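Participant: how does the following fold in three dimensions:
(chains A, B, C and D)
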Protein chains: 2
Amino acid sequence: MKKTSLKDIAQQAGVSTALVSYVLNGKEKETRVGEAIAQKIRQIAKELNYQPNHLAKSLRSGKTYTIGLIIADISNPFFANIARVVEDEAKKNGYTVIIGSCDEHAEKSWDLVNVLINRQVDGFIIVSCEGSENQVHYLKERNIPFVLLDRHFPEIQTDFVATNNYKASYDAGVHLIESGYSRIGIMAYKSNMYHMEERVRGLQHALRDNNIDFNDAWLKEVNFETMDSEVRTAIDEVLASDQRVEAMIFATYGLAINALKYINELRLKVPSDLAIVSFGQAEVFDLYYCPITYVRQPLEMLGKTSVEFLLKKLKNPDEGMKQILMEAKLIPRDSSKAKKPVSKG
Amino acid sequence: MKKTSLKDIAQQAGVSTALVSYVLNGKEKETRVGEAIAQKIRQIAKELNYQPNHLAKSLRSGKTYTIGLIIADISNPFFANIARVVEDEAKKNGYTVIIGSCDEHAEKSWDLVNVLINRQVDGFIIVSCEGSENQVHYLKERNIPFVLLDRHFPEIQTDFVATNNYKASYDAGVHLIESGYSRIGIMAYKSNMYHMEERVRGLQHALRDNNIDFNDAWLKEVNFETMDSEVRTAIDEVLASDQRVEAMIFATYGLAINALKYINELRLKVPSDLAIVSFGQAEVFDLYYCPITYVRQPLEMLGKTSVEFLLKKLKNPDEGMKQILMEAKLIPRDSSKAKKPVSKG
DNA sequence: ATTATGTGTTTAAACGATTAAGCATTTACC
DNA sequence: GGTAAATGCTTAATCGTTTAAACACATAAT
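Facilitator: Numbering: from 1, shown residues only, chains lettered A, B, ... in the order given. From the prediction side, this is the model:
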């Protein structure tokens, strides 16, 4: 039993497919279709449970009403959630989203871009991974609409929606300082992505502005792929050094989780043995015995705005470049509780 | 700058589009294309960076190489992970996945089914929600290939891939009994979905087989939408009753999370005040101060097998019905640690 | 009576690919 | 030399829509 097409309806009604198309697209007025025949067409369409073929529509119109969403790491709940927001927002506007995760690999990301271009997506929303600048350039050259989400490349002029990571990290640093910590480290991915660098820089400047010298041993950069083991080593090191850190900022959710697991194994107490602030947000942070202070990124807003920007661009390709940095909010919890003052020396 | 099409290549090469199509689809042998011209065509295709238009291909062939994945609740990390597995597995086979979450609402699920049918997906993988039987019947009638994942309707003959929930819950019950607990409750969604009922039944039979009378007050069924508040009430009740439970099985991840939050607020200790076993799996369970015993469902296998079943069906629609129940594994942790014996009376 | 205007409908091309069928031409065979 | 087979390529229909243009009437205006 084949799907019913315009032709089927046309045949039953004894008219041409053109009329059927006009009526079912609500163009009866402009195209002056007779009221009687319009009724009949609608009636038959309902009886046959007509559902238009999106492929044909898209082929004809050149618009698929589909957005390609490329996410650097969908296992990160922050990104998983942002994907949901994007999807919901897109659906509200009649768009379908095809999601792909590149797991922080630029080649995978290339594949995805190509697959999705073949599928004729109207545009992209991309959480870029390291080394994917060429892809951004490619999309620009080919004039394919896209918006970068959460991560962007300051040296490439593009639309983007991101968090003010510098400020977020600066605030986190100040918060820890005000809570009485001064030897504050940060763990980040080994990466030259701007958002990572900003998170590191934010803390460094917070310390500098409070007259604390940042010790390079306090910065721990680990590789994404080998995170599990490297995090352990890193923790060992920052705790062992003669300049042992008292507090640590984790630049991503994944780092924090791995670190917390290890810290548990070591039977260290948070925050007395190590105070913690983490980027990202997840239920884990609430349920940890010592709830984790975290940087809450404006997830909903980021997702919604990225869709909004993209759809505007799709409607009017000549519209100007849109860039926005949103503010994150530090949510103080027990893991960064004020330190009990200790007499010096 | 338009995308290059077959026609463009044909023009440049001075041949018909048919030849180009043959060559680029590797059919030069069967269709006896001259070697010289084949070379030329490939050359030009490369120069123009030709990417075939999937829409046109699909329209012609009636196959989109797209799978619709409908998930009952994507905010559940178990489902989020299974979605990843499905996506990866599909991609390996050249399929693209369009994911939609119906948030446990049957109407949303209907919408998704229709949207995806319009998008001409080749088939569906569905984690059904309550009240969506009509949709399953609809797909069967319309002869649209689909596989039910994780949840199925025993009264409807369909392909499905699911967990043996009865056994999983039975095992959980036995484990708790062996750990010295006897007043064991279970919290589930108020639902007549088979997988839920099986989880309840599993515990009940485990108790019966160990000569423990199941007290109906130990069964707490809460509504998905109002879970936040109902869980609290339910916990209050099972702890207050004269037949206070000592242990509780949570039939879903969401229920466990909510309960744990409340238990923390009440400053109750796990497992001494209340032992816990939960379905689902997530990092939270590892990081909780008292790691949570949980039922590990064969996530990878479930996802992969569902794709496998569907793709087989797509290749050969007449293949027989495929149904499989996979075994879950109980992962014992501290939250269900053996109880210290207490003298009776 | 002729032209203009309005009304209701059909025709046919187009989107970009696939593919059965047809058409030349060359080579093989008896 | 005549038929058959092999070779290399083109034509044109098709998938299901959309939509500009053409067409055929009826009614109104001059």
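Participant: which parts of chain A sit against DNA strand C?
Facilitator: Contact residues, chain A versus DNA strand C (C-beta under 7 Å from any atom of the strand): A:14-19, A:31-34, A:36-37, A:56, A:59-60, A:62. In short, each C-beta sits where N, CA and C put it, glycine included.
Participant: neighbour-wise, which of those leads?
Facilitator: A:L19 (21 neighbours; other C-beta atoms under 10 Å in any protein chain shown).
Participant: look up how far chain B lies from that one.
Facilitator: Per C-beta to the nearest C-beta, to the nearest Å, A:L19 is found 22 Å from chain B.
Participant: assign the closest residue to that residue other than its chain neighbours to helix, strand or coil.
Facilitator: Distances taken as C-beta to C-beta, 6 or more residues apart in numbering or on different chains place A:V33 nearest to A:L19, at 5.9 Å, with adjacent residues excluded. Applying DSSP: H, G, I helix; E, B strand; the rest coil to A:V33 yields a three-state assignment of coil.
Participant: wasn't A:E197 part of a helix?
Facilitator: Yes - assigned with three-state DSSP, A:E197 falls within a helix.
Participant: that one: neighbour count?
Facilitator: 15.
Participant: can you pull up the most central residue in chain A?
Facilitator: Residue closest to the mean C-alpha point of chain A, counted by C-alpha atoms, centre = their mean, is A:F79 at 4.7 Å.
Participant: quick one: which helix or strand includes it?
Facilitator: If you go by DSSP states H and E, A:F79 is part of helix A:77-92.
Participant: helices or strands up against that helix?
Facilitator: If contacts are counted by 3 or more C-beta pairs under 8 Å, 6 or more residues apart in numbering or on different chains; DSSP states H and E, helix A:77-92 sits against strand A:66-71, strand A:96-101, strand A:146-150, helix A:299-315, strand B:96-101.
Participant: please see if the fourth one touches chain B.
Facilitator: No - in this structure, helix A:299-315 remains apart from chain B according to C-beta under 8 Å from any C-beta of the partner chain; the gap is never smaller than 12.7 Å.
Participant: give the buried residues for that helix.
Facilitator: In terms of neighbour count (16 or more other C-beta atoms under 10 Å in any protein chain shown), helix A:299-315 has its buried residues at A:299, A:301-314.
Participant: name the nearest of the residues of chain A next to DNA strand C relative to B:K190.
Facilitator: Comparing those against B:K190 with C-beta to C-beta picks out A:A56 as the nearest, at 43.9 Å.
Participant: the spatially closest residue to that closest one that is not a sequence neighbour and A:K57, how far apart?
Facilitator: Of all residues not flanking A:A56 in the chain, B:L59 sits nearest, at 5.7 Å (C-beta to C-beta, 6+ apart). Distance of B:L59 to A:K57, computed by C-beta to C-beta, to the nearest Å: 10 Å.
Participant: work out for me the element the closest residue to A:H105 other than its chain neighbours sits within.
Facilitator: Spatially, and ignoring its direct neighbours in sequence, A:H105 is nearest to A:C129 (6.6 Å; C-beta to C-beta, 6+ apart). Under DSSP H and E, no helix or strand contains A:C129.
Participant: burial count for A:C129?
Facilitator: By other C-beta under 10 Å, 24 other residues sit near A:C129.
Participant: that one contacts A:L112, correct?
Facilitator: No - between A:C129 and A:L112 there is no contact under C-beta atoms under 8 Å: 10.5 Å.
Participant: what touches both of these two?
Facilitator: Shared contacts of A:C129 and A:L112 (C-beta atoms under 8 Å, 6 or more residues apart in numbering or on different chains): A:C102.
Participant: quick one on the thing from earlier: for the residue nearest to the centre of chain A, which non-adjacent residue is closest in space?
Facilitator: Leaving aside its chain neighbours, A:F79 sits nearest to A:I71 (5.0 Å; criterion: C-beta to C-beta, 6+ apart).
Participant: related to what we said a few turns ago, just flag the most distant two among the residues of chain A next to DNA strand C.
Facilitator: A:A36 and A:G62 (34.2 Å).
Participant: which strands and helices sit next to the host helix or strand of A:M187?
Facilitator: Element membership for A:M187 (DSSP H and E) is strand A:184-189. On a contact count with 3+ C-beta pairs under 8 Å, 6+ apart, strand A:184-189 meets helix A:165-178, helix A:194-209, strand A:219-222, helix A:227-240, strand A:247-250, helix A:253-265.
Participant: dump these into a markdown table; add distance to B:K3 as well.
Facilitator: Listed next are the helices and strands packed on strand A:184-189 as a markdown table, based on distance: least, C-beta to C-beta, whole Å:
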| stretch | distance to B:K3 |
| --- | --- |
| helix A:165-178 | 36 |
| helix A:194-209 | 31 |
| strand A:219-222 | 41 |
| helix A:227-240 | 40 |
| strand A:247-250 | 44 |
| helix A:253-265 | 38 |
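Participant: deepest of the ones you listed, which one?
Facilitator: Comparing those by mean neighbour count (mean count of other C-beta atoms under 10 Å in any protein chain shown), strand A:247-250 comes out on top with a mean of 29.
Participant: using CSV, list the CA coordinates for the lowest-mean-pLDDT helix or strand in chain A.
Facilitator: Of all the helices and strands that make up chain A, helix A:283-287 has the lowest average by mean pLDDT, DSSP states H and E, namely a mean of 91. C-alpha atoms of helix A:283-287 as CSV (Å, rounded to 0.1, in the frame of the first residue of the first chain):
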residue,chain,number,x,y,z
GLU,A,283,23.0,16.1,39.2
VAL,A,284,26.2,14.7,40.5
PHE,A,285,27.2,18.0,41.9
ASP,A,286,24.1,18.1,44.0
LEU,A,287,24.3,14.6,45.4
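Participant: in that helix, what's buried?
Facilitator: By neighbour count on 16+ other C-beta under 10 Å, the buried set for helix A:283-287 is A:283-287.
Participant: restrict the residues you listed to those near chain B?
Facilitator: Of the residues in the buried residues of helix A:283-287, proximity to chain B by C-beta under 8 Å from any C-beta holds for A:283-284, A:286-287.
Participant: pull the most distant pair out of the residues you listed.
Facilitator: Farthest-apart pair in these is A:V284 and A:D286; separation 7.3 Å (C-beta to C-beta).
Participant: now do the contacts for the residue nearest to A:H105.
Facilitator: A:72-73, A:102, A:104-106, A:109, A:193.
Participant: kindly provide the distance from the nearest residue to A:I156 once chain neighbours are set aside to DNA strand C.
Facilitator: Spatial nearest neighbour of A:I156, excluding adjacent residues (C-beta to C-beta, 6+ apart): A:V136 at 5.6 Å. Distance of A:V136 to DNA strand C, given as C-beta to the nearest atom of the strand, to the nearest Å: 24 Å.
Participant: what about A:M187, neighbour count?
Facilitator: Per other C-beta under 10 Å, the neighbour tally for A:M187 reads 27.
Participant: residues from the stretch 201-345 of chain A in reach of chain B?
Facilitator: Counting by C-beta under 8 Å from any C-beta, the stretch 201-345 of chain A comes close to chain B at A:257, A:260-261, A:264, A:282-284, A:286-289.
Participant: between those residues, which is nearest chain B?
Facilitator: A:Y289 (3.6 Å; C-beta to the nearest C-beta).
Participant: dump the residue contacts of the residue nearest to the closest one when sequence neighbours are not counted.
Facilitator: Nearest residue to A:Y289 in three dimensions, chain neighbours excluded: B:Y289, at 3.6 Å (C-beta to C-beta, 6+ apart). Applying C-beta under 8 Å, 6+ apart, we find B:Y289 in contact with A:288-289, B:270.
Participant: likewise A:E246?
Facilitator: A:181-184, A:274-275, A:339.
Participant: that'll do, ta.
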